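S.K.: Need coordinates for the below:
(one chain, ligands or ions: 2)
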Amino acid sequence: MTLSTTTLLALLKQQKYRFFSGVPCSNFADLFQQVSLDNDITSVPAASEGSALSFAVGAALAGRRSVVALQNSGLGNIINPLTSLVQINCIPTLLLISVRGHTDEPEDEPQHRVMGANTHALLDQLAIPWSEFDGTPQGFMACLVKAEEAFQRSVSFAVLVRKGQLSAGLGVVVNDEQQVSAYPLSVGCALEIISEALRPSDLVVSTTGFISRELFRLSDRPGNFYMQGSLGHCSAVAAGVALARPSHRVVALDGDGAVLMHMGVLSTIGYASPRNFLHIVLDNEGYVSTGGQESTSVTSSLEAVAAACRYRAVRRCVTSAELNDAVARSLSTEGPHFLLCKVNQSHSRSLPRVTSRHTPEENKQAFQIALNQPPTFHLQAAPVAAVR
Ligand SMILES: Cc1ncc(C[n+]2csc(CCOP(=O)(O)OP(=O)(O)O)c2C)c(N)n1
Ligand SMILES: [Mg+2]
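M.R.: Ligands and ions are numbered 1, 2, ... in the order given. Purely as a prediction, here's the structure:
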């Protein structure tokens with residue numbers, strides 16, 4: 001059974017929910033878009049689930065009933081504010097949790113396996129009452145009635161949503177043929193340019209979602225470590241490799257949503273300053289892997305943040321010529337380099353999953369073998385930092 005997002009929002013409004021925040025999941029493909037167009041609900045697209053919950057708490061303090069939508073992977077990001085803010089201050093919020101890796105869906109991706117099998121137990125352990133949504137309007141209303149009872153006791157309530165239970169609406173991925181945004185480069189084109197500039201000994205850590213899948217489609221190689229899950233942590237993993245293995249060039253292939261989720265890492269990388277490190281952000285101004293919901297990179301300048309955090313060189317590119325030039329310079333001089341590449345939201349029609357060829361463990365083993373090969377590069381000393 002599938003409930004339309006319009007009905008879901010109508011029921012929430014009927015129960016006087018007036019504030020919404022969260023981080024998208026593909027199961028909420030158009031919820032974020034529809035709520036952002038709804039004049040009766042204030043909505044905030046948060047960078048991480050923890051801050052989504054905190055926005056909701058602020059709004060609840062000010063008297064607004066609040067909803068937080070998240071994937072169960074994001075439970076890991078909310079446990080601190082859930083326990084040390086929401087629970088100890090008795091400020092209830094409604095959690096709409098999309099459950100990936102449910103035990104009856106064994107075909108889901110491996111990064112969801114552990115959280116999928118433990119979502120119920122975790123909520124029970126934290127004494128958060130929950131209900132599984134059945135996909136019907138009556139079922140959703142029944143969940144809201146239970147939430148009401150919990151709210152009377154100043155306790156938060158979680159509604160667990162499964163794949164296909166909410167309408168996908170317009171939040172679908174566009175294909176290469178379709179016109180999508182003003183930026184000329186697609187993620188695929190950008191990755192082709194980057195891949196051509198790499199030597200076999202260069203190591204690449206790519207972020208979760210379509211960026212890893214495009215990289216896998218275009219240039220699967222042992223030196224690629226494909227992150228699946230742990231959104232926002234790709235650059236820290238890559239910088240950790242770079243610091244531990246200064247003889248190799250290491251590239252982080254990141255997304256805007258991922259960088260925004262844990263942006264403090266830019267300050268740490270600027271401070272630690274790995275000279276063999278190149279951080280590339282493919283900024284499509286959205287969470288394209290989960291349906292194209294807008295990200296706040298639209299109003300932020302990530303390259304200015306990186307420059308302020310003391311990356312040694314920072315560049316912004318839009319065209320293939322600019323990207324070619326920026327990658328060549330970054331790979332031949334000392335870093336840490338930051339390269340923001342604006343891209344459009346189109347992707348290849350068929351985007352294979354990394355797990356169609358490698359399990360995560362096989363990928364790790366291949367990457368470690370690549371990491372132990374002798375390097376084939378020489379860095380020139382770099383000039384002082386510049387923002388272009
Ligand atoms: C903690 C957490 N929250 C949410 C998700 C769901 N998720 C997977 S990919 C993705 C989008 C990431 O956006 P971005 O980094 O901009 O990459 P894009 O999809 O646009 O290429 C999201 C929200 C997740 N995997 N982990
Ligand atoms: Mg993006």
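S.K.: Give me the distance between the helix or strand hosting residue 314 and the centre of its chain.
M.R.: In the assignment (DSSP states H and E), residue 314 maps to strand 313-317. Chain-centre distance of strand 313-317: 22 Å, with C-alpha atoms, centre = their mean, to the nearest Å.
S.K.: buried set for the helix or strand that it is followed by?
M.R.: Note on strand 313-317: by DSSP H and E, the next helix or strand toward the C-terminus is helix 320-332. Using 16 or more other C-beta atoms under 10 Å as the test for burial, helix 320-332 gives 322, 323, 326, 327, 330, 331. (C-beta placed from N, C-alpha, C; glycine too.)
S.K.: Need the contact partners of the helix or strand just after helix 320-332.
M.R.: Counting by DSSP H and E, the next helix or strand C-terminal to helix 320-332 is strand 337-342. Residues from elsewhere that reach strand 337-342, judged by C-beta atoms under 8 Å, 6 or more residues apart in numbering: 183, 185, 190, 266, 277-285, 302-303, 306-307, 311-318, 323, 326-327, 330.
S.K.: in its sheet, what does strand 337-342 sit against?
M.R.: Strand 337-342 has these partner strands in its sheet, going by DSSP bridges: strand 277-283 (parallel), strand 313-317 (parallel).
S.K.: who touches residue 213 in this structure?
M.R.: Residue 213 is in contact with 351, 352, 353, 354, counting by C-beta under 8 Å, 6+ apart.
S.K.: give me that answer again for 6 Å
M.R.: Counting by C-beta atoms under 6 Å, 6 or more residues apart in numbering, residue 213 makes contact with residue 351.
S.K.: Where does it fall, secondary structure wise?
M.R.: According to DSSP H and E, residue 213 maps onto helix 210-219.
S.K.: Quick one: name the residues of the stretch 251-388 of the chain near ligand 1.
M.R.: Taking C-beta under 6 Å from any ligand atom as the contact definition, the stretch 251-388 of the chain meets ligand 1 at 255, 256, 257, 258, 284, 286, 287, 288, 289, 290, 295.
S.K.: I'd like those laid out as a markdown table, including pLDDT.
M.R.: Formatted as a markdown table, these follow (pLDDT from 0 to 100):
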| residue | pLDDT |
| --- | --- |
| 255 | 98 |
| 256 | 98 |
| 257 | 98 |
| 258 | 98 |
| 284 | 98 |
| 286 | 97 |
| 287 | 97 |
| 288 | 97 |
| 289 | 96 |
| 290 | 95 |
| 295 | 96 |
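S.K.: if we can go back for a sec, following the chain past the helix holding residue 213, name the next helix or strand.
M.R.: Next element after helix 210-219 (DSSP H and E): strand 224-226.
S.K.: could you check the angle helix 320-332 makes with the strand holding residue 314?
M.R.: Here the directions of strand 313-317 and helix 320-332 differ by 160 degrees (axes from the mean of the first three to the mean of the last three C-alpha atoms, to 10 degrees).
S.K.: Spatially nearest residue to residue 224, not counting backbone neighbours?
M.R.: Among residues not flanking residue 224 along the chain, residue 204 sits closest, at 4.8 Å (C-beta to C-beta, 6 or more residues apart in numbering).
S.K.: State the distance from residue 107 to ligand 2.
M.R.: Distance of residue 107 to ligand 2, given as C-beta to the ion, to the nearest Å: 25 Å.
S.K.: That should have said residue 153, apologies.
M.R.: On the measure of C-beta to the ion, residue 153 and ligand 2 end up 39 Å apart.
S.K.: One more: residue 351?
M.R.: For residue 351, the distance to ligand 2 - C-beta to the ion - is 14 Å.
S.K.: returning to that earlier point: mind putting the residues of the stretch 251-388 of the chain next to ligand 1 into a markdown table with neighbour count and distance to residue 119?
M.R.: Putting those into a markdown table (neighbours: other C-beta atoms under 10 Å; distance: C-beta to C-beta, whole Å) gives the following:
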| residue | neighbour count | distance to residue 119 |
| --- | --- | --- |
| 255 | 30 | 25 |
| 256 | 25 | 27 |
| 257 | 30 | 22 |
| 258 | 29 | 22 |
| 284 | 30 | 29 |
| 286 | 23 | 26 |
| 287 | 26 | 21 |
| 288 | 26 | 25 |
| 289 | 24 | 21 |
| 290 | 22 | 18 |
| 295 | 25 | 25 |
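S.K.: In a markdown table: these, plus secondary structure and distance to residue 30.
M.R.: Shown next, in a markdown table, are these (DSSP: H, G, I helix; E, B strand; the rest coil; distance: C-beta to C-beta, whole Å):
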| residue | secondary structure | distance to residue 30 |
| --- | --- | --- |
| 255 | strand | 20 |
| 256 | helix | 20 |
| 257 | helix | 17 |
| 258 | helix | 21 |
| 284 | coil | 18 |
| 286 | strand | 13 |
| 287 | strand | 12 |
| 288 | helix | 14 |
| 289 | helix | 15 |
| 290 | helix | 11 |
| 295 | coil | 16 |
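S.K.: which of these are close to ligand 2?
M.R.: 255, 256, 257, 284 (C-beta under 5 Å from the ion).
S.K.: Closest to residue 238 out of those residues?
M.R.: residue 255 (13.4 Å; C-beta to C-beta).
S.K.: tell me the contacts of the closest one?
M.R.: 207, 211, 282.
S.K.: Neighbours of the first one, how many?
M.R.: A total of 31 residues lie near residue 207 under the criterion other C-beta atoms under 10 Å.
S.K.: hang on, isn't it packed against residue 233?
M.R.: No - the pair residue 207 / residue 233 is not scored as a contact, 8.6 Å apart, by C-beta atoms under 6 Å.
S.K.: Which parts of the stretch 1-150 of the chain are strands?
M.R.: 17-22, 42-45, 65-71, 94-98, 130-132 (DSSP state E, counting those that start in this stretch).
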